[in-house]
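Participant: give me a 3D structure for the following:
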Amino acid sequence: MEKKPLEKLRNIGIAAHIDAGKTTLSERILYYTGRAYKMGEVDEGTATLDWMEEEQKRGITITAAATSCSWKDFQINLIDTPGHVDFTAEVERSLRVLDGAICVFCGVGGVEAQSETVWRQADRYNVPRLAFVNKLDRVGSDFFKVVAEIKEKLGAKPVPIQIPLGREQSFKGCIDLVRMKAWVYEGEGLGTKYKEIDIPSEDLPLARKIREELVEKVAEEVDWFMEMYLREEPIGEEDIKKAIHEATISTRIVPVLCGSALKHKGVQMLLDAVCDYLPSPLDIPPVKGAHPEKEEEIVKKASEEEPLAALAFKIMTDKHGDLTYLRIYSGRLRSGQRVFNSRKKKVELVSRLYKMHANTREQVEEAVAGDIVAAIGLKDTVTGDTLCERQHPILLEPVHFPETVISMAIEPKTQAEKEKLIYALNKLKKEDPTFNVKVNEETGQLLIAGMGELHLEVLKNRMLSEYKVDANVGSPRVAYKETLSRAVLIEEKFIQQTGGHGQYGHVVIQFEPCKDAHPVIFEDEIKGGAIPKNYIKSVEAGVRETTQGGVLGGYPLINIKATLKDGSHHPVDSSDLAFYTAAARAVTHAVQEAGSVLLEPIMKVEVSVPEANLGDVLGDLNSRRADILELDIRSGVRIIRGLVPLAEMFGYATVLRSLTSGRGSYIMEPYEYRAVPKELCVQTD
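Facilitator: Below is the predicted model of the structure:
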């Protein structure tokens, strides 16, 4: 593929709720850009980007797949992400390295539960996005209802730049509000045959009204465009495009497009919008990082002339060696080059570089700023590590992943299988940061933890099929946590005298229950140098690591704020170890003195059921300690939204199928941790 200049490069992802049509849209993009010679279909298991055996068998996307294609004179690096909440880590790490995103919404379902999760993830990384309302050929689809939901439920500013031509079965094309032309798709040619026509007279009043709203909304966000609008100067097509581009890349508006990927309508217009409105690497702010050894911020521009800065955002196990996916933010990376891993402080060798197309690869000799490539040869690099030049070190912000909520015991069937199991678990753990492996110190059991039942089931099947491991797997278990029941002030000293230097660490820490984005907050309020700054990091490490390991029930502590109030040091005997130990003991004594509260994961659940089964399903949910928040109706189907403890939801898919004769469905995602009711604590323990 011919290398395009940086301003002609688009690094984008496709993200949405499960079954909104992401992968079908991706397949159409590959076909229309000439990257694939035929269209793959999700339902038939032939989708190019759903290449894993588990994906083809289940008809869902499990791992984010990367590819590159060309549209007109632009190069598009595309990542298709999963829609199921159990694989939300794939969305998280993709959005961390992408410059823009297409959020797909079902024309019937609108803004669904996972749509909100994906949107929050894009907000976290300030990713500019387009909205594509899909499936407008289906009965019950409503473009304007979905636009209203994007505004109400997501708090965004959606601005339609297209409206549908026709509704439901009569949907035949799109009205372009920028050019004020209509596009009609002809029956033959798999969507490759379409023509531009004047807007039909019956649709013209609505088109003019929505276009006027488009101009007003964009003018509110772009100063120079507002001046043109107020002076009533002639506003041309290029002026509108430029203003939409500016407002989109600053995330002040979200352009909304329409179509039906399955019926081959609207995809080419979406590709035009990607090129016109989403940012190139030059349009986004320069990447910021920290010096690994100094308190110093470093800024790197998207330029080949800058020193190298690359983020490893995904590891994929391959029979020829682990593939490490990299986003190059600045500089150049060549095959055979030695690079510095600034987090591990190790030098790594990049043996070969590849451009990826799902699970196939094309070897390249060099990657430059803006590129997304895969490297072979990196032995110690994992997700979130930064690669740079040793003489120009930088530490980029890593990818943040959610806490696991479910675990199960696993053991090899024979001693001979033990080494194979450990090898397989280590490989899967390196690939998937939300997959954890640990040994229960009390029982000696090996536990694997993940984001949900489906997540662990897929990983279990991969162990059997890919790594040929014969193992016994226990029933899923809830990942409980603990927190403090009240605030407490703890003074702790660690003093040891030996023949030589002794150990001296003295801390006064206030611990209190606290809810925040981070499970443990540490604050330093030391004044006058009572504890030197170089020891405060050891105090923080002692607090954080002790809370992770658990104190009384063996469950990690969360929702805690630790404030270092006071302490003292010894000019000779104080050390990092002494302050680490004093802080660790302070955590233990805080839990013993204040008492702990057992917390359980609460899931946000959305259940879709026929009207006739609503009563039975509600009764069953109430028996599972559900807190029903909302009842809705969508295309004749009742939607139940609520909060339910994860412990009550094991095996729910089977129960729901039984209650609704197979016509009900549900999705759930982690919401928060809440205290377990006292009457259930004995059973839980």
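Participant: residue 127 and residue 119, how far apart?
Facilitator: 10 Å (C-beta to C-beta, to the nearest Å). Every residue, glycine included, has its C-beta placed from N, CA and C.
Participant: please read the previous query as pertaining to residue 248.
Facilitator: For residue 248 relative to residue 119 (C-beta to C-beta), the value is 15 Å.
Participant: same question for residue 295.
Facilitator: From residue 295 across to residue 119, the span is 34 Å (C-beta to C-beta).
Participant: over to residue 398?
Facilitator: Distance, residue 398 to residue 119, using C-beta to C-beta: 22 Å.
Participant: and residue 623, by the same measure?
Facilitator: 32 Å.
Participant: more neighbours: which of those two?
Facilitator: More crowded of residue 623 and residue 119, by other C-beta atoms under 10 Å: residue 119, with 24 against 9.
Participant: next SSE after the strand or helix carrying the more buried one?
Facilitator: Assigning secondary structure by DSSP states H and E places residue 119 in helix 113-124. Using DSSP H and E, the helix or strand that follows helix 113-124 in sequence is strand 129-134.
Participant: CA atoms of that next one as PDB?
Facilitator: Once side chains and other backbone atoms are set aside, the C-alpha atoms of strand 129-134 remain, and they are given as PDB (Å, rounded to 0.1, in the frame of the first residue of the first chain):
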ATOM      1  CA  ARG A 129     -16.200  10.600  16.800                       C
ATOM      2  CA  LEU A 130     -18.900  10.300  14.200                       C
ATOM      3  CA  ALA A 131     -22.200   8.600  14.900                       C
ATOM      4  CA  PHE A 132     -23.600   6.200  12.300                       C
ATOM      5  CA  VAL A 133     -27.300   5.200  12.700                       C
ATOM      6  CA  ASN A 134     -27.400   1.700  11.200                       C
END
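Participant: so what strands line up beside that strand?
Facilitator: strand 100-106 (parallel), strand 254-258 (parallel) (DSSP bridges).
Participant: and the residue lying closest to residue 222 once chain neighbours are set aside, how far from residue 82?
Facilitator: If the residues on either side of it in the chain are set aside, residue 222 comes closest to residue 243, at 4.5 Å by C-beta to C-beta, 6 or more residues apart in numbering. Between residue 243 and residue 82 the distance, using C-beta to C-beta, works out to 34 Å.
Participant: what angle separates the helix or strand hosting residue 206 from strand 254-258?
Facilitator: Following DSSP H and E, one finds residue 206 within helix 204-221. Compare the direction of helix 204-221 with that of strand 254-258 by axes from the mean of the first three to the mean of the last three C-alpha atoms, to 10 degrees and you get 160 degrees.
Participant: please pull up the helix or strand immediately following helix 204-221.
Facilitator: Under the assignment DSSP H and E, the closest C-terminal helix or strand after helix 204-221 is helix 223-230.
Participant: quick one: the helices in the stretch 251-400 of the chain, in order.
Facilitator: Using DSSP state H, counting those that start in this stretch, the helices of the stretch 251-400 of the chain run over residues 267-277.
Participant: which residue ranges of it form strands?
Facilitator: Under the criterion DSSP state E, counting those that start in this stretch, the stretch 251-400 of the chain carries strands at the ranges 254-258, 287-290, 297-300, 309-316, 323-330, 332-334, 338-341, 346-349, 352-357, 360-364, 366-368, 372-376, 386-388, 395-396.
Participant: follow-up on the earlier one: quick one: contacts of the helix holding residue 206?
Facilitator: For helix 204-221, contacts defined as C-beta atoms under 8 Å, 6 or more residues apart in numbering pick out 157, 159-161, 163, 175, 177-178, 180, 199, 225-226, 228-230, 235, 240, 243-244, 247, 250, 252-253.
Participant: tell me the contacts of residue 203?
Facilitator: For residue 203, the contact set (C-beta under 8 Å, 6+ apart) comprises 165, 175, 182.
Participant: which strand or helix spans residue 673?
Facilitator: Here residue 673, judged by DSSP H and E, is contained in strand 665-675.
Participant: what pLDDT does residue 422 get?
Facilitator: Taken from the predicted model, the pLDDT recorded for residue 422 is 86.
Participant: that one belongs to a helix?
Facilitator: Yes. Under DSSP: H, G, I helix; E, B strand; the rest coil, residue 422 falls within a helix.
Participant: count the neighbours of it for me.
Facilitator: Here the count is done by other C-beta under 10 Å, and residue 422 has 14 residues near it.
Participant: distance check, it against residue 351.
Facilitator: Taking C-beta to C-beta as the criterion, residue 422 is separated from residue 351 by 26 Å.
Participant: likewise for residue 295?
Facilitator: Counting by C-beta to C-beta, the gap from residue 295 to residue 351 is 35 Å.
Participant: the two: which is more packed in?
Facilitator: Counting neighbours by other C-beta under 10 Å for residue 295 and for residue 351 shows that residue 351 has the greater number, 13 against 6.
Participant: my read: the more buried one touches residue 336, true?
Facilitator: Yes. Under the criterion of C-beta atoms under 8 Å, residue 351 is in contact with residue 336, at a separation of 7.1 Å.
Participant: let me know the pLDDT of the nearest residue to residue 284 once chain neighbours are set aside.
Facilitator: Once flanking residues are discounted, residue 284 sits nearest to residue 99: 5.4 Å by C-beta to C-beta, 6+ apart. pLDDT, residue 99: 93.
Participant: ok, residue 99 - contacts?
Facilitator: 10-12, 127-128, 278-281, 283-284.
Participant: and with 7 Å instead?
Facilitator: When the contact criterion is C-beta atoms under 7 Å, 6 or more residues apart in numbering, the partners of residue 99 are 11, 278-279, 281, 284.
Participant: can you add pLDDT and neighbour count and give the residues you listed back as TSV?
Facilitator: Compiled in TSV, the contacts of residue 99 are given as follows (pLDDT from 0 to 100; neighbours: other C-beta atoms under 10 Å):
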residue	pLDDT	neighbour count
11	93	26
278	95	25
279	94	21
281	93	23
284	90	18
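Participant: can you pick out the most distant pair from the residues you listed?
Facilitator: Between any two of the contacts of residue 99, the greatest separation by C-beta to C-beta is 11.2 Å, found for 278 and 281.
Participant: what's the helix or strand where residue 474 lies packed up against?
Facilitator: Element membership of residue 474, judged by DSSP H and E, is strand 471-478. Strand 471-478 sits against strand 406-412, helix 453-465, with contacts defined as 3 or more C-beta pairs under 7 Å, 6 or more residues apart in numbering; DSSP states H and E.
Participant: hmm, 6 Å instead?
Facilitator: Taking 3 or more C-beta pairs under 6 Å, 6 or more residues apart in numbering; DSSP states H and E as contact, the helices and strands that strand 471-478 lies on are strand 406-412.
Participant: show residues contacting the strand it packs on.
Facilitator: Taking C-beta atoms under 6 Å, 6 or more residues apart in numbering as the criterion, the residues outside strand 406-412 that touch it are 418, 421, 445-449, 452, 456, 471-474, 476-477, 479.
Participant: mind checking which of these are buried?
Facilitator: In terms of neighbour count (16 or more other C-beta atoms under 10 Å), the buried residues within the contacts of strand 406-412 are 421, 446-449, 452, 456, 471, 473, 476, 479.
Participant: now, which of those sits nearest residue 650?
Facilitator: Compare each of the buried ones among the contacts of strand 406-412 with residue 650 using C-beta to C-beta and the shortest gap goes to residue 476, at 5.7 Å.
Participant: now that closest one: how far from residue 405?
Facilitator: Between residue 476 and residue 405 the distance is 10 Å, computed by C-beta to C-beta.
Participant: so for stretch 462-471, mean pLDDT?
Facilitator: In this model, stretch 462-471 carries a mean pLDDT of 82.
Participant: list the buried residues for it?
Facilitator: Within stretch 462-471, the residues that qualify as buried are 462-463, 466-467, 469, 471, counting by 16+ other C-beta under 10 Å.
Participant: same question, stretch 26-39
Facilitator: Neighbour-count burial for stretch 26-39, counted by 16+ other C-beta under 10 Å, picks out 26-33, 35-36, 39.
Participant: can you check stretch 398-411 too?
Facilitator: Buried positions in stretch 398-411, judged by neighbour count with 16+ other C-beta under 10 Å: 398-410.
Participant: now do the same contact list for residue 175.
Facilitator: Applying C-beta under 6 Å, 6+ apart, the residues near residue 175 are 163, 165, 182, 199, 207.
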